[in-house]
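Asker: everything below, folded, please.
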Amino acid sequence: MASGKLIVVTGPAAVGKSTVTKALQKELTRSGELWLAIELDVFARSLPRPWIAWGDYRGRNAAQGFVYARRSDGSLELELGSDGRRVLSAFHRSVAAVVTSGVGVICESIVYDDADWRDWSDALRDVPACWVRLTAPLTVLDEREQGRAAIGQGLGRGMAARPAVGEYEVEADTASEAVEAIVARIVESVRSR
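Answerer: Next comes the predicted model:
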């Protein structure tokens, strides 16, 4: 069985990953080729409530899971515990398994740090991937988050403050480049492989 293809779309919250992913899926499937859109949020939302700290709620196992901590500048920082890292690792390997089964995947994710990038690299050792990094100015991320629940505001700012890690075939500023143009560049990169 031939392996599928993988495109990983990364960037901070509110940068437009979902918008680009949906437009990319629409474009790639025009010819009848199957591409699944898989997002990290499916795994993150599956984490049991006691493994999460969010706002005023602090689960009894939150230090091992996902802790969303509000900073003095209003940003929201995600801190990962050992179980949170295991969830990310499971996600990475799940994506790799879908691709090696022969299905194309557009993966919407975030690369948190060097350890996360190393784990992605290990999971995708035999899976070629087109890596896409989306960015936008902080003012744009803040504006886009205005329509979200108050607790989530600042997540884009917090994620954008993290140092960029990894190697990317396509990088785009979603505030200055149209979605269609970004999608065209990604498709060109994937088809030129």
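Asker: only C-alpha atoms from now on, for both contacts and neighbour counts.
Answerer: Will do.
Asker: for Ile52, give the beta-bridge partners.
Answerer: Ile52 has the following beta-bridge partners by DSSP bridges: Phe66.
Asker: so how far is Phe66 from it?
Answerer: Taken as CA to CA, to the nearest Å, the spacing of Ile52 relative to Phe66 amounts to 5 Å.
Asker: same thing with Leu47?
Answerer: 9 Å.
Asker: mind checking which of the two has more residues around it?
Answerer: Under the criterion of other CA atoms under 10 Å, the comparison of Leu47 against Phe66 puts Phe66 first, with 27 against 16.
Asker: my guess is the more buried one contacts Leu80. True?
Answerer: Yes. In this structure, Phe66 sits in contact with Leu80. The criterion is CA atoms under 8 Å, and the distance is 5.1 Å.
Asker: outside of the worst-scoring helix or strand of the chain on mean pLDDT, which residues touch it?
Answerer: The least trusted helix or strand in the chain, going by mean pLDDT, DSSP states H and E, turns out to be helix 155-160, with a mean of 83. Contacts made with helix 155-160 from outside it, assessed by CA atoms under 8 Å, 6 or more residues apart in numbering, are listed as 11-15, 75-78, 112, 135, 138, 141-142, 145.
Asker: measure how far that helix is from the centre of its chain, please.
Answerer: Here helix 155-160 shows a centroid-to-chain-centroid distance of 12 Å under the convention CA atoms, centre = their mean, to the nearest Å.
Asker: what is the subsequent helix or strand relative to it?
Answerer: Note on helix 155-160: by DSSP states H and E, the next helix or strand toward the C-terminus is strand 170-173.
Asker: which helices and strands does the very next helix or strand once past that next one pack with?
Answerer: For strand 170-173, the following helix or strand on the C-terminal side (DSSP H and E) is helix 179-191. Here helix 179-191 is seen to pack against helix 17-28, strand 129-135, strand 170-173 when contacts are counted using 3 or more CA pairs under 8 Å, 6 or more residues apart in numbering; DSSP states H and E.
Asker: out of those, deepest packed?
Answerer: strand 129-135 (a mean of 22; mean count of other CA atoms under 10 Å).
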